[in-house]
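S.K.: Generate a structure from the sequence data that follows.
(chains A and B)
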Amino acid sequence: MKLVCPAGNYSMLKTAVDHGADAVYIGFKDDTNARHFAGLNFNDGSAQKAVQYAHDRDCKVYVAINTYPQPAGWARWQKAVDVSADIGIDALIIADTGVMAYATERHPDLPRHLSVQGSATNLQALRFYHQQFAIQRAVIPRVLSLSQVKHLTQESPVDLEVFGFGSLCVMVEGRCLLSSYATGESPNTCGACSPAKAVRWEETKHGTECRLNNVLIDRFKRDEKAGYPVVCKGRFEVDGHVYHALEEPTSLNTLELLPELMQAGVKAIKLEGRQRSTAYVRKVVSVWREAIDSCLHNPAAFAPRAQWMQDLASVSEGSQTTLGAYNRPWQ
Amino acid sequence: MKLSLGPILYFWPRPTIEDFYQHHINGPVDVIYLGETVCAKRRSLKPAEWIELARQLATSGKQIVLSTLALIEAGSDLSGVKQMCNNGEFLVEANDMGAVQLMVEQKLPFVAGPSLNIYNAQTLRLLHQQGLIRWVAPVEMNADTLKDILNETESMGFRDQIETEVFSFGRLPLAYSARCFTARFRNLPKDHCQFVCQDYPDGLPMDSQEGEAFFNINGIQTQSGRIQHLLPHWQQMQSAGVDLMRISPQAQHTGEIVQRYHEIIQGQPVDADIKRYLNAPTCDGYWCGQPGMDYIARAD
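M.R.: This next block holds a predicted model:
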């Protein structure tokens, strides 16, 4: 089982490589990737340097080109694919079918992974991408239960990668338009969920108010910890009740499921968080490296150590973690 | 410009569904989409019963299309989708790549539903080569992008081989989840949901704490709180190359809304105001290149 780690910049990349990543994933400084934030990501030069650093230490580099180009931007996605091929990366992580077709035709020997944004949750969808584009791996949306992941792994024509830790999308990835409905920018088209320019914080007599394009997303009391205002984690009013109508602000942490994921044949664990910090990367990569090694060594005796869980909780959103959809008993 | 009736997105009881379609086979829509696209647990009609209903409605001469689930998770979800895709008679609207694959394997034509993520002509071409004959644009797509895509299909040489449909009326489907937000509201676990979404034939409004209509909960689907209403833009849509305007059913007055769309498009001098038939404010921001919740056209 491989550990795939986030790198939002060169410092995070070095940290991830040095602390035991088997692969790091990066994106370019534009809307071709789903973490299109100011000050984040790589240009051609720093990406080249990143590949050199990682390859010298036996670590692979994947490039996420995981947003959906529209005609006006098509050339940028083409360029992102071509530059990636030129600098010798190890695999592309692609969401869009058209980009997938372009990469397959232009660089047939460069391995292709289906991004989580490609939204493949079932065997037939995986078959589609496998037959059309010979993808080697697919990253599975965070909506499947553990038993569903197990079934899928048994039948899948390609390797599967699952999310192990990080921010939790409660909606199936690649098919969530809540952000663009409110702000005009979505992860699919702009690589941004709740773009910073649409966010406004205000101190009022009701507490700290957070607005997204003027719509009140949440209101926090003085002692409450306020997370990043994604729509799905706000508090809204439904039939007179104000509550987290979609999801509480929590992070995903599947550490305790590691032996089962491993046994199921999941080939890689992905850590979320290119938008976080070098300190975050150091902490999560170290914990997961140790955990995977310990589990590989003796899966039967594996149990998450208190220190690991504490370290992960300290960098979690809302300081809470959840098993997400993995532990739901229903189908 | 043709009119289509999209699949019913809510959980209505079977008699309501049957009455609804009995009414609409005598109405002006050209195409009717049938099937459960939101939650596999909803079984007012099983796949075989949807197919049977399609047979009955097809005698009206309207085109009947079977729509499939947008989020396919369990193996049992997939077998329901397979039944729809293997129906042997009717065109299928694929709302997930899994359904596309099932159609490709049979070498049969299909309609690409709005949740398939077709954002460029290259994607459209590949799917067309695999059997796509009509596509419903993603609901967040604006007019200019749609025009650009259709222009490119022209130069790629397949513009005249596909039809383009736009989600024109109704609460927009915006997101899908493994969780059921209606069950969450009622403090029920999803596996014992008691089908409470049946209590909300138009979904459950989810407003901001200031009372602004923001979203609408429909089981595992999150919809827009506002109702998309593109009738004021229909001429621009036609000149952009849109072939069908989709009307998404709501619990009341869908017939009147269809009628109004039909009359305006036919050029009849009727009062275009449909607000009396709506229980939420309208929006058209996506089509106009703005946030989806915005309302730009004041013309109606």
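S.K.: any idea where the strands of the stretch 201-300 of chain B begin and end?
M.R.: Using DSSP state E, counting those that start in this stretch, the strands found in the stretch 201-300 of chain B span residues B:204-207, B:213-218, B:221-229, B:244-247, B:282-283.
S.K.: of the ones you listed, which approaches A:Phe165 most closely?
M.R.: strand B:221-229 (25.0 Å; Cβ to Cβ). Quick note: C-beta positions are derived from backbone N, CA and C, even for glycine.
S.K.: Which elements pack onto the closest one?
M.R.: strand B:163-176, strand B:204-207, strand B:213-218, strand B:282-283 (3 or more Cβ pairs under 8 Å, 6 or more residues apart in numbering or on different chains; DSSP states H and E).
S.K.: JSON lines for these, including mean neighbour count and distance to chain A?
M.R.: As requested, the helices and strands packed on strand B:221-229 are exported to JSON lines (neighbours: other Cβ atoms under 10 Å in any protein chain shown; distance: least, Cβ to the nearest Cβ, whole Å):
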{"stretch": "strand B:163-176", "mean neighbour count": "24", "distance to chain A": "4"}
{"stretch": "strand B:204-207", "mean neighbour count": "21", "distance to chain A": "5"}
{"stretch": "strand B:213-218", "mean neighbour count": "26", "distance to chain A": "6"}
{"stretch": "strand B:282-283", "mean neighbour count": "22", "distance to chain A": "9"}
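S.K.: can you list the ones you listed in TSV and add mean pLDDT?
M.R.: Shown next, in TSV, are those (pLDDT from 0 to 100):
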stretch	mean pLDDT
strand B:163-176	98
strand B:204-207	98
strand B:213-218	98
strand B:282-283	96
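S.K.: which SSE is the closest residue to chain B within the stretch 51-200 of chain A in?
M.R.: At 3.0 Å from chain B, A:Gly98 is the closest residue in the stretch 51-200 of chain A, using Cβ to the nearest Cβ. Assigned by DSSP states H and E, A:Gly98 belongs to helix A:97-106.
S.K.: what residues does that helix touch?
M.R.: Contacts to helix A:97-106, defined as Cβ atoms under 8 Å, 6 or more residues apart in numbering or on different chains, come from residues A:65, A:69, A:74, A:77-78, A:81-82, A:85, A:92, A:94, A:110, A:112, A:114, A:129, A:132-135, B:117-127.
S.K.: Just the ones in helices from these, please.
M.R.: A:74, A:77-78, A:81-82, A:85, A:129, A:132-133, B:121-127 (DSSP state H).
S.K.: Go through these and name the one nearest A:Ile217.
M.R.: Looking across those and measuring by Cβ to Cβ, the closest to A:Ile217 is A:Trp77, at 30.8 Å.
S.K.: what's the nearest residue to the closest one if we skip its chain neighbours?
M.R.: A:Pro69 (4.2 Å; Cβ to Cβ, 6 or more residues apart in numbering or on different chains).
S.K.: counting contacts, what elements does the biggest strand by length in chain A pack onto?
M.R.: Counting residues, the longest strand found in chain A (DSSP state E) is strand A:159-167. Helices and strands touching strand A:159-167, by 3+ Cβ pairs under 8 Å, 6+ apart, are strand A:137-139, helix A:146-155, strand A:251-253, strand A:268-271, helix A:278-297.
S.K.: Mind doing that once more with 6 Å?
M.R.: strand A:137-139, strand A:268-271 (3 or more Cβ pairs under 6 Å, 6 or more residues apart in numbering or on different chains; DSSP states H and E).
S.K.: for the last one, the distance to its chain's centre please.
M.R.: Using Cα atoms, centre = their mean, to the nearest Å, the distance from the centre of strand A:268-271 to the centre of the chain it belongs to is 9 Å.
S.K.: same for it, what does it pack against?
M.R.: Judged by 3+ Cβ pairs under 6 Å, 6+ apart, strand A:268-271 is in contact with strand A:2-6, strand A:159-167.
S.K.: Could you provide these in TSV, with additional columns for distance to A:Ala47?
M.R.: Output for the helices and strands packed on strand A:268-271, formatted as TSV (distance: least, Cβ to Cβ, whole Å):
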stretch	distance to A:Ala47
strand A:2-6	15
strand A:159-167	21
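S.K.: Columns distance to A:Gly45, mean neighbour count and mean pLDDT on top of those strands, output as TSV?
M.R.: Below are the helices and strands packed on strand A:268-271 laid out as TSV (distance: least, Cβ to Cβ, whole Å; neighbours: other Cβ atoms under 10 Å in any protein chain shown; pLDDT from 0 to 100):
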stretch	distance to A:Gly45	mean neighbour count	mean pLDDT
strand A:2-6	20	24	98
strand A:159-167	28	23	94
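S.K.: right, and those - which one's nearest A:Glu290?
M.R.: For A:Glu290, the closest of the helices and strands packed on strand A:268-271 is strand A:2-6, at 10.5 Å, according to Cβ to Cβ.
S.K.: Now do that closest one: everything it contacts.
M.R.: For strand A:2-6, the surrounding residues in contact (Cβ atoms under 6 Å, 6 or more residues apart in numbering or on different chains) are A:16, A:21-24, A:268-271, A:273-274, A:285, A:288, A:292.
S.K.: Between which two of those residues is the distance greatest?
M.R.: Farthest-apart pair in the contacts of strand A:2-6 is A:Arg274 and A:Ile292; separation 20.1 Å (Cβ to Cβ).
S.K.: Look at those two and report which has more neighbours.
M.R.: Neighbour tally, A:Arg274 and A:Ile292, criterion other Cβ atoms under 10 Å in any protein chain shown: the higher count belongs to A:Arg274, 25 against 21.
S.K.: Can you mark which positions in stretch B:280-294 are buried?
M.R.: B:280, B:282-288, B:290-294 (16 or more other Cβ atoms under 10 Å in any protein chain shown).
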